[in-house]
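Undergrad: got a sequence here, can you build the structure:
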Amino acid sequence: FGLVVVLAKSLLILYCRNGCLCVPTIQLSPSLTQLTWPAPPTSMIAANQTTSPYTTSYDLQNPRTSYSVGDIITVVITARDGLKNSKTYGGDFFQAKLFNTKLKASVYGEVTDHHNGTYTATFKLLWEGQAKVSIRLIHSSEAVLLRHRERDPDKVFFVGVFRGVDHQEKVVCNAQRSERLLKASQCCCEYKHPISGELWFCHRPSYLPCSAWVDHGMGGYQACVWMCVDACVCKGMSVKCVPGLDTPSPAGFYLHDTWTSLMCHAQSFPTANQIASCLKDKQVLMMGDSTLRQWFEYLLKTVPTLKKLNLYTSAQSGPLEAVDTCNNIRLVWRAHGLPIRTFMVPRADLHYIASEVDALAGGQHSVVVFTIWAHFTTFPLYTYLKRLAGIRRAIQALLQRAPQTLVLIKSANTGYKDIYGSDWLSWQLDCALRVMFRELPVVIIDVWQMTSCHYSPDNIHPSHEVIKNEVDLFLSFVCPI
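TA: Below you'll find the model as predicted:
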C-alpha cells in the first residue's frame, strides 16, 4: 500500500481526428458540502480490505471507432480491495489526466465519486492524434487523513527564540494550544495580532518574559503513517482575461508544453521585453509560500532589467524585492505569516496577508497576488477557514476603497505525497479557498489543473515549464487583450 500508485492496467489509447474546437465553458462551483469527505462504514479493517491499485480497474464508457477534437469521453473506475471484492462505498481519492508524451500535451480529468465503489473520470479531447488515459489512486478511502489533520496539528511544530540581555531560550510554538504546548507547567505565551486577530502560541520560557520573543523557525516533523480509521475553447479563448470569471473544467490543456486556457484569451510572454512592457508602472505585491516565490524567481531570472535589492532578509521567507527603474516596476514577495516552515528568521519580518492588504492604498497600478495552503495541511480546517475569512475581509475592503486594484489568487498545486502534505489535504483546502472568494471580483489562477496533468514528475515545486505557463496566465490578467 502506497500513497501514490498507478493502477495496474494498460493505458487506454484513443485516436482523435481533426474537428471543431468549440468547447463550452463548464462552471466549477464548489460548495461547503464538498469539504465533507465520506468515511468508510467501519472504523477498523484489515489491510487487504482497503482499495487496491492492483485489482481496481477502469473502462471506456460507450467506446466508438473514432473521435473528433472537442469530443468528451468518460472512463468508469471500479474500485476493488486486495481480495478482488468490489467496493460498496466511496471516498477514494483518484487523479486523472489525458496525455500524449510525444506532443507534450495533457489535460486534467474530473473524477466524480458515486459513493458506491464506482467513479467516473471525464476528459475533453483537445488535440489531434493519440491520447492516453492515466488514472492514479492517491489515497484509498481507508487511509483517512481528515482525523489526523483535525486532532493532530502537531505533526509539524515550530520553535520560537526568546532573547534577553545575556540569555536566550528556544521553545516550541504553534498556531493553537496543543498537546505539546499544554505539557508545559505554565503553558503558553499567547500572541494576538492587533489587526487580524490571528493567534500564535509558544511555551512560556523559564526565565524570560513573553515579550522577549524575537525569532521564529521551523521545528520539525513528527508523525507516523496510519491506516484505517474513522472519518473525508473556443468560447474560453474569446473571453477577455478579467476578474470574476468562473473556472471551467478543464481550465485548459497543454500542447507542445504550452498551456492553452479555456477560461479566457491567455497570451504568451516569451521575451523579457514583453514581460517588462506588461508590468510597466506596476507595483506587484506577492504573498504566500515557496510555490509563489517561484514566480518571483522566474521573473527575476527572465527579465534582466529587474534588479533584486539586498534587504539582508531570509531567502526562504523574505521579504524579497526587485525593481526595474526604467519601466517603473516594483516587485515584492514575502511569506504569508505564521505558520511558516522556514529557517530561523526575525518574527518582525513575518507579516500576515490581511495586515499587508489593510496597509495598501491600492489603485490601477497596484497588483496583489497571494497563495495560502501548503503550510496549513497539518492544521484543522477551522484554522485555515479562520485565516481565509480575515484575508477575505481585507481584500473586500481593498476593492471597495480602490476597485481598480487587481487581485489574483494562485490556487493550490499538486505534488505533496506524504502524511504532512497529501494532495488530498491540499485539495480540501483549495475547495475551501474557492468557496471563500468566489463572490468577489478576483482572479483565481487554477494551477491545480496545470500541475496535476503535466508530464513532469510530482513535485510540490513545479518544473520550469509549468512555472512559465503559470506566470504567462498571470500576466494575461495583468495585461488583458
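Undergrad: now Ala389. Nearest residue, chain neighbours left out?
TA: Nearest residue to Ala389 in three dimensions, chain neighbours excluded: Met436, at 7.1 Å (C-beta to C-beta, 6 or more residues apart in numbering). In this view, the C-beta of every residue, glycine as well, is placed from N, C-alpha and C.
Undergrad: sorry, that was for Ser426
TA: Using C-beta to C-beta, 6+ apart and skipping residues adjacent in sequence, the residue nearest Ser426 is Ala412, 4.4 Å away.
Undergrad: is the one you found in a helix, a strand, or coil?
TA: Here Ala412 is recorded as coil under DSSP: H, G, I helix; E, B strand; the rest coil.
Undergrad: could you say what helices and strands the helix or strand hosting Trp200 packs with?
TA: According to DSSP states H and E, Trp200 maps onto strand 199-203. If contacts are counted by 3 or more C-beta pairs under 8 Å, 6 or more residues apart in numbering; DSSP states H and E, strand 199-203 sits against strand 156-163, strand 168-174, helix 179-182, strand 188-192.
Undergrad: flag every buried residue along whichever helix or strand comes after it.
TA: Next along the chain after strand 199-203, taking DSSP H and E as the criterion, comes strand 213-221. Residues 213, 215-219 are the ones in strand 213-221 that count as buried (16 or more other C-beta atoms under 10 Å).
Undergrad: so what strands line up beside strand 213-221?
TA: strand 156-163 (antiparallel), strand 345-346 (antiparallel) (DSSP bridges).
Undergrad: which one, of the ones you listed, ends up nearest to Gly252?
TA: strand 156-163 (32.9 Å; C-beta to C-beta).
Undergrad: off-centre distance for the host helix or strand of Glu321?
TA: Using DSSP H and E, Glu321 sits in strand 320-324. The gap between the average C-alpha position of strand 320-324 and the chain average comes to 25 Å, counting by C-alpha atoms, centre = their mean, to the nearest Å.
Undergrad: keeping just the C-alphas, turn that strand into PDB.
TA: Backbone C-alpha positions of strand 320-324 (Å, rounded to 0.1, in the frame of the first residue of the first chain) are rendered in PDB as follows:
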ATOM      1  CA  LEU A 320      12.300  39.900  -1.200                       C
ATOM      2  CA  GLU A 321      12.200  42.900  -3.500                       C
ATOM      3  CA  ALA A 322      13.200  43.700  -7.100                       C
ATOM      4  CA  VAL A 323      12.900  46.900  -9.100                       C
ATOM      5  CA  ASP A 324      13.100  48.000 -12.700                       C
END
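Undergrad: name every strand pairing with that strand and say which way it goes.
TA: Strand 320-324 is paired, per DSSP bridges, with strand 307-308 (antiparallel), strand 329-335 (antiparallel).
Undergrad: okay, now the domains of the protein?
TA: Domains of the chain are assigned by automatic domain parsing as 5-139, 153-221, 264-478.
Undergrad: buried deepest among the ones you listed, which one?
TA: domain 264-478 (a mean of 19; mean count of other C-beta atoms under 10 Å).
Undergrad: end to end on that one, go ahead and measure it.
TA: 13 Å (C-alpha to C-alpha, to the nearest Å).
Undergrad: equivalent analysis for stretch 113-131, please.
TA: Taking C-alpha to C-alpha, stretch 113-131 runs 24 Å from one end to the other.
Undergrad: for stretch 329-348, same thing?
TA: End-to-end distance (C-alpha to C-alpha), stretch 329-348: 26 Å.
Undergrad: chain center to it, what's the gap?
TA: Offset of stretch 329-348 from its chain centre (C-alpha atoms, centre = their mean): 18 Å.
Undergrad: ok, the lengthiest strand in the chain: who's next to it in the sheet?
TA: In the chain, assigned by DSSP state E, the strand with the most residues is strand 129-139. Strand pairing for strand 129-139, using DSSP bridges, gives strand 5-6 (antiparallel), strand 13-17 (antiparallel), strand 93-100 (antiparallel).
Undergrad: quick one: average pLDDT of it?
TA: Per-residue pLDDT over strand 129-139 has a mean of 91.
Undergrad: equivalent analysis for stretch 251-265, please.
TA: Mean predicted confidence for stretch 251-265 is 93.
Undergrad: ok, back up a step: out of the strands paired with strand 320-324, nearest to Pro250?
TA: Distance to Pro250, taken as C-beta to C-beta, is lowest for strand 329-335 among these, at 29.0 Å.
Undergrad: picking that back up, could you identify the most distant pair in the buried residues of strand 213-221?
TA: Pairwise across these, and taking C-beta to C-beta, the largest span is found between Trp213 and Met218, at 15.8 Å.
Undergrad: ok so, going back, turn the helices and strands packed on strand 199-203 into CSV, including mean pLDDT and distance to Leu381.
TA: As requested, these are exported to CSV (pLDDT from 0 to 100; distance: least, C-beta to C-beta, whole Å):
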stretch, mean pLDDT, distance to Leu381
strand 156-163, 88, 16
strand 168-174, 89, 16
helix 179-182, 58, 19
strand 188-192, 90, 21
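Undergrad: now do the helices in this protein.
TA: Assigned by DSSP state H, the chain shows helices spanning 146-151, 179-182, 234-237, 272-279, 290-302, 353-358, 381-401, 423-437, 447-452, 464-478.
Undergrad: ok now the longest one, how far from the chain's centre?
TA: In this case it means helix 381-401. Distance, centroid of helix 381-401 to centroid of chain: 17 Å (C-alpha atoms, centre = their mean).
Undergrad: contacts for that helix?
TA: With contacts defined as C-beta atoms under 8 Å, 6 or more residues apart in numbering, helix 381-401 is touched by 35, 149-150, 153, 175-176, 196-198, 352-355, 357-358, 360-362, 368, 370, 372-373, 376, 405, 407, 428-429, 432-433, 436-437, 440-442.
Undergrad: most centrally placed residue in this protein?
TA: Nearest to the geometric centre of the chain sits Ala412, at 0.8 Å (C-alpha atoms, centre = their mean).
Undergrad: I figured that residue hits Met450, correct?
TA: No - using C-beta atoms under 8 Å, Ala412 makes no contact with Met450, being 11.3 Å away.
Undergrad: so who does the closest residue to Lys468 other than its chain neighbours touch?
TA: Excluding the flanking residues, the one nearest Lys468 by C-beta to C-beta, 6+ apart is Tyr298, at 6.8 Å. Contacts for Tyr298 (C-beta under 8 Å, 6+ apart) come out as 464, 467-468, 471.
Undergrad: now swap in Gln176 and tell me
TA: 153, 199, 201, 379-380, 383.
Undergrad: relative to its centroid, which residue of the chain is most remote?
TA: Ranking residues of the chain by C-alpha distance from their mean position (C-alpha atoms, centre = their mean) puts Asp166 at the top, at 43.0 Å.
Undergrad: what's the spacing between Val303 and Ile445?
TA: 19 Å (C-beta to C-beta, to the nearest Å).
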